[in-house]
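**Student:** what follows is a predicted protein model with its sequence.
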Amino acid sequence: MLGYEFHDLVGNVGVLCILATYLLLQIERIEPTSLIFSGLNALGAGMVLFSLMEEFNLSAFIIESAWLTISVFGIARRFFKADVA
């Protein structure tokens with residue numbers, strides 16, 4: 001029988017983190033170039049990837065890896081942009 005395990009909880013919290021971030025973007029509470037936007041997306045994607053280590057799904061792994069990479073790029077871009085200014 002399938003049970004709800006810790007990795008399921010982590011993955012679901014990660015999904016909620018990504019969805020909440022997108023909602024905050026849509027209601028104009030955060031900017032798409034803000035550190036918090038990229039940080040919350042990276043955190044959520046990392047949490048989903050953690051859950052995939054237990055129950056692997058290639059399609060989900062690809063999209064979450066891309067989401068994490070793009071978010072980390074956004075974070076790095078913010079830091080390098082702040083150093084130049």
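**Tutor:** Looks like it arrived, so ask away. Numbers count the residues shown, from 1 in each chain.
**Student:** contacts and neighbour counts: CA atoms only from here.
**Tutor:** Will do.
**Student:** quick one: contacts of stretch 17-28?
**Tutor:** If you take C-alpha atoms under 8 Å, 6 or more residues apart in numbering as the criterion, stretch 17-28 is touched by 30-32, 37, 40-41, 43-45.
**Student:** no wait, stretch 52-67
**Tutor:** By C-alpha under 8 Å, 6+ apart, the surrounding residues in contact with stretch 52-67 are 7, 11, 41-42, 45-46, 48-49.
**Student:** which of those fall in helices?
**Tutor:** 7, 11, 41-42, 45-46, 48-49 (DSSP state H).
**Student:** now stretch 20-27: average pLDDT?
**Tutor:** This predicted structure assigns stretch 20-27 an average pLDDT of 97.
**Student:** quick one on the thing from earlier: out of the contacts of stretch 52-67, the closest to residue 71 would be?
**Tutor:** Sorting the contacts of stretch 52-67 by how near they are to residue 71, with C-alpha to C-alpha, puts residue 42 at the top with 5.2 Å.
**Student:** surely that closest one meets residue 71?
**Tutor:** Yes. Taking C-alpha atoms under 8 Å as the contact criterion, residue 42 and residue 71 are neighbours in contact, 5.2 Å apart.
**Student:** who's more crowded, these two?
**Tutor:** Taking other C-alpha atoms under 10 Å, residue 42 and residue 71 do not tie; residue 42 has more neighbours (26 against 21).
**Student:** report the rounded mean pLDDT for the helix ranked longest in the chain.
**Tutor:** Using DSSP H, we find that the single longest helix of the chain is helix 58-84. For helix 58-84, mean pLDDT is 90.
**Student:** related to what we said a few turns ago, which among the contacts of stretch 17-28 end up buried?
**Tutor:** If you count burial by 16 or more other C-alpha atoms under 10 Å, the buried members of these come out as 30, 32, 37, 40-41, 43-45.
**Student:** turn those into a markdown table, columns for pLDDT.
**Tutor:** Formatted as a markdown table, the buried ones among the contacts of stretch 17-28 follow (pLDDT from 0 to 100):
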| residue | pLDDT |
| --- | --- |
| 30 | 96 |
| 32 | 94 |
| 37 | 96 |
| 40 | 97 |
| 41 | 97 |
| 43 | 98 |
| 44 | 98 |
| 45 | 98 |
